[in-house]
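**Student:** here is a sequence with its predicted model. Questions after.
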Amino acid sequence: MMSIARILPWYYAATAVFLALDFGLGINVRVAFLDEFPTARVAYYGICFTCLALMVWRPRWAPLIGTFESLATLVALILSMAVRVMVPNDAIFEESAAFVSVQEIINFVISGSVAYFAWVRGLKTLRNL
């Protein structure tokens, strides 16, 4: 099975593609849960690039970095989806509004899958150190 230390840098490197899609084409699938907070969205991209830089600089830190960042991502994804579904606002009750957008679902699947993988593999790797 492929090592977490080899997969995660590629995931964080893909941030450049997601950044170009987001700000170049207006297609936000990586951080759709932060659409309403543009400063936080830029900060999230910065954190991803920082994680990549740390993993390139110190590859042995990849499991630790991936584990902590994935925990933060999982919490943010769960809270953002739960709040949207469990605490509806006035816009949801308009005819054209949806509870959860397609971009948010794609974001949840992509980021959630990688974050869950990083969390589980990271904990396993840290436990074996």
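**Tutor:** That came through fine. As the structure is a prediction and not an experimental result, all values here were calculated from the model.
**Student:** use CA for all of it now, contacts and neighbours both
**Tutor:** Will do.
**Student:** any idea which element the residue nearest in space to the middle of the chain lies in?
**Tutor:** Closest to where the C-alpha atoms of the chain average out (Cα atoms, centre = their mean) is Ser111, at 4.1 Å. For Ser111, the host element (DSSP states H and E) is helix 102-127.
**Student:** on contacts alone, who are the packing partners of that helix?
**Tutor:** helix 4-13, helix 62-86 (3 or more Cα pairs under 8 Å, 6 or more residues apart in numbering; DSSP states H and E).
**Student:** what's the separation between the residue nearest to the centre of the chain and Leu8?
**Tutor:** According to Cα to Cα, to the nearest Å, Ser111 and Leu8 sit 12 Å apart.
**Student:** buried residues in the helix holding Ser111?
**Tutor:** By neighbour count on 16 or more other Cα atoms under 10 Å, the buried set for helix 102-127 is 103-108, 111-112, 114-123, 125.
**Student:** where does the protein dip in pLDDT?
**Tutor:** For the chain, the stretches with pLDDT under 70 are 1-5, 84, 87-99.
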